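Engineer: here is my input, please return the structure:
(one chain, ligands or ions: 1)
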Amino acid sequence: MRSISLMTVSAALWLQAGAAAASAYETRVLPPPASPGPVVSAFVSQPAGLIALTHVEVIDGTGAPARYDQTVILDGARIAAVQSAEAPIPAGARVVDLTGASVLPGLVGMHDHMFYLERPNLTASGASDRPAVVPEMPFSAPRLYLANGVTTLRTTGSVEPYTDLQIKAEIDAGQLPGPHIDASGPYLSGVGEPLIQMHPLTGPDDARRMVDFWASQGVTSFKAYMHITRAELGAATAEAHRLGLKITGHLCSVTYPEAVALGIDDLEHGFFVNTQDDPGKTPDVCPRTIGTPTLEAMTPDGPKARALIDLLVSRHVAVTSTLPVFERTPDGLRELTAREKAALDPESLADYETLRGATAKTPEARRLQAVADVKRDMALEREFVAAGGLLLAGPDPTGTGDVIPGFGDQREIELLVQAGFSPVEAVRIGTLNGARFMGLADRIGSIAPGKDADLLIVSGDVAKDISAIEAARLVFKDGVGYDPARLLDSVAHRYGRY
Ligand SMILES: [Zn+2]
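Structural biologist: Numbering: from 1, shown residues only. From the prediction side, this is the model:
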């Protein structure tokens, strides 16, 4: 009896502590839904209510096999039931027949910026003038994400943190259409970064102050960048953790094992940017080779990969896969789909065509090496997952104009299938895994009774053909159904401009 009561007490304490720790972050990222204002209402095709989505294929986000001919019942902002087509539908429910469609959890995008990467004075050879500039896209980016099924995202480094926070505030207030947002603070970067909109840290005290200040302004995550030093990363990580927030990094000066030792929570860009074996790597300095030699030397089933993966898994460090920003064909850049091209403003589309032409002219050996590097990273990501690692998904809309908010999130999941994951596993990486990392898996990331009604509904059978994920038909956020076509029309030829 005594041991049972002790267990009960400690379980209750644990639950209390867990609930208290989760609530501040959870309330910030997933606040109670506001009713849609006039701007948002224009995109709503299914107002919240008691809704029965009938004859759908359910891919629930857990990695379980698809279930066919199901009914998903939504009651306001929550999923009420997932049942077979024969089970009775509650009286008064609005029936939406979705024969031929698949329903997925809303995507959880873990590297989803709000900006576009400009290259000043771009030439036909692909060269551009310094500095690179990343103008904020407060109009088009949130709409592109939502239209393509991203219902929760992390901005993963900000160049206009107040704008990101204000976008989030207006979305949460029902004044602008867009996803739930974990707004990251400004890049925690060192001296020599390529983007002019970054603050070069002056040391660990500066890193600590920056984390502290931006957390006080409402950001809910942090991202370290290429030229940060170990002392700065260590200070930023300790401060973020003291405040109950997580930190990720696109690293270079600090190697993956060093970052793990400093307590980082997540590493961006798969295994592309680990510099531990780059020739001439010196502490705290980003080598010009930015990780490529380390990647190319790391055989997926070899001892080096095993040691690194074991380290990441044992220390619970997640890895974010951002395959779209690295994707190459033997000819160079991927050709955008007509719908993607329609999202780009004319100048950005012209820049993309220029860069595509330039990559097609690089020597064949280099083009093929870029393709091989992606395959290598894919194999390492697969090994990481097989070893029990938590792989997250995000597109990183920057690169060369070929990665666009929302479309890129879908492309990431397609590329995970190319990497060898099954479609339902790839969907889990793009949904529930992100929710688990954020500590929000009780609310989002999978389709189950009681969870938030955040859903991506597409035409076609996603379990058999992952490219069906591009055919967004209806996107639910907090039980409100949005029309993807209307959202896309509203931003046509805008991304890259505002
Ligand atoms: Zn990025």
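Engineer: after the lowest-mean-pLDDT helix or strand in the chain comes which helix or strand?
Structural biologist: Every helix and strand in the chain was compared by mean pLDDT, DSSP states H and E; the lowest is helix 2-29, with a mean of 55. Downstream of helix 2-29, the next assigned helix or strand under DSSP states H and E is helix 38-41.
Engineer: where does the chain dip in pLDDT?
Structural biologist: Scanning the chain for pLDDT under 70 picks out the ranges 1-22.
Engineer: show me where the stretch 301-450 of the chain has helices.
Structural biologist: Ranges of helices in the stretch 301-450 of the chain, per DSSP state H, counting those that start in this stretch, are 303-314, 338-343, 346-361, 364-386, 407-418, 423-430, 432-438.
Engineer: in the last one, what counts as buried?
Structural biologist: Spelled out, it's helix 432-438. Along helix 432-438, these residues count as buried under the neighbour rule (16 or more other C-beta atoms under 10 Å): 432, 433, 434, 435, 436, 437, 438. From N, CA and C alone the C-beta is placed, and that goes for glycine too.
Engineer: can you check the third one too?
Structural biologist: Taking 16+ other C-beta under 10 Å as the basis for neighbour counts, the residues of helix 346-361 that come out buried are 348, 349, 351, 352, 354, 355, 356, 358, 359.
Engineer: same check, this time on the second one
Structural biologist: Buried residues in helix 338-343, counting neighbours by 16+ other C-beta under 10 Å, are found at 339, 340, 341, 343.
Engineer: with the fifth one instead?
Structural biologist: Buried residues in helix 407-418, counting neighbours by 16+ other C-beta under 10 Å, are found at 407, 408, 409, 410, 411, 412, 413, 414, 415, 416, 417.
Engineer: TSV for the residues you listed, including distance to residue 257?
Structural biologist: Below are these laid out as TSV (distance: C-beta to C-beta, whole Å):
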residue	distance to residue 257
407	34
408	29
409	30
410	33
411	30
412	26
413	29
414	31
415	26
416	25
417	30
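Engineer: between those residues, which is closest to residue 463?
Structural biologist: When the buried residues of helix 407-418 are compared for distance to residue 463 (C-beta to C-beta), residue 417 wins out at 10.8 Å.
Engineer: now that closest one: how far from residue 436?
Structural biologist: As for residue 417, its distance to residue 436 is 20 Å (criterion: C-beta to C-beta, to the nearest Å).
Engineer: could you do residue 430 as well?
Structural biologist: Distance from residue 430 to residue 436, by C-beta to C-beta: 12 Å.
Engineer: identify the contacts common to the two.
Structural biologist: By C-beta atoms under 8 Å, 6 or more residues apart in numbering, residue 430 and residue 436 have no common neighbours.
Engineer: next, the distance between the ends of stretch 219-235.
Structural biologist: From its first residue to its last, stretch 219-235 covers 18 Å (C-alpha to C-alpha, to the nearest Å).
Engineer: and that stretch, what's buried?
Structural biologist: Buried residues in stretch 219-235, defined by neighbour count with 16+ other C-beta under 10 Å: 219-230, 232-235.
Engineer: among those residues, which one lies nearest to residue 123?
Structural biologist: Among the buried residues of stretch 219-235, and counting by C-beta to C-beta, the member closest to residue 123 is residue 226, at 24.6 Å.
Engineer: check the gap between the closest one and residue 342 for me.
Structural biologist: For residue 226 relative to residue 342 (C-beta to C-beta), the value is 33 Å.
Engineer: picking that back up, the buried residues of stretch 219-235 in strands, which ones?
Structural biologist: 221, 222, 223, 224 (DSSP state E).
Engineer: residue 161 reaches residue 183, doesn't it?
Structural biologist: Yes: here residue 161 lies in contact with residue 183, judged by C-beta atoms under 8 Å, at a distance of 7.0 Å.
Engineer: shared neighbours, the two?
Structural biologist: By C-beta under 8 Å, 6+ apart, the residues touching both residue 161 and residue 183 are residue 219.
Engineer: with neighbour numbers in mind, choose between those two.
Structural biologist: residue 183 (27 against 19; other C-beta atoms under 10 Å).
Engineer: any idea how many residues pack against residue 290?
Structural biologist: Residue 290 has 18 neighbours, counted by other C-beta under 10 Å.
Engineer: how about the nearest residue to it once chain neighbours are set aside, what does it touch?
Structural biologist: The spatially closest residue to residue 290, leaving aside those adjacent along the chain, is residue 252, at 5.3 Å (C-beta to C-beta, 6 or more residues apart in numbering). Neighbour list for residue 252: 226, 227, 273, 275, 286, 287, 290, 291 [criterion: C-beta under 8 Å, 6+ apart].
Engineer: now the first one. Nearest residue, chain neighbours left out?
Structural biologist: If I follow you right, that is residue 226. Using C-beta to C-beta, 6+ apart, the closest residue to residue 226 is residue 252 (3.9 Å).
Engineer: Provide the secondary structure category for the one you found.
Structural biologist: On the three-state scheme (DSSP: H, G, I helix; E, B strand; the rest coil), residue 252 is labelled coil.
Engineer: with residue 27 as the reference, measure out to it.
Structural biologist: In terms of C-beta to C-beta, residue 252 sits 35 Å off from residue 27.
Engineer: same thing with residue 151?
Structural biologist: Distance from residue 151 to residue 27, by C-beta to C-beta: 17 Å.
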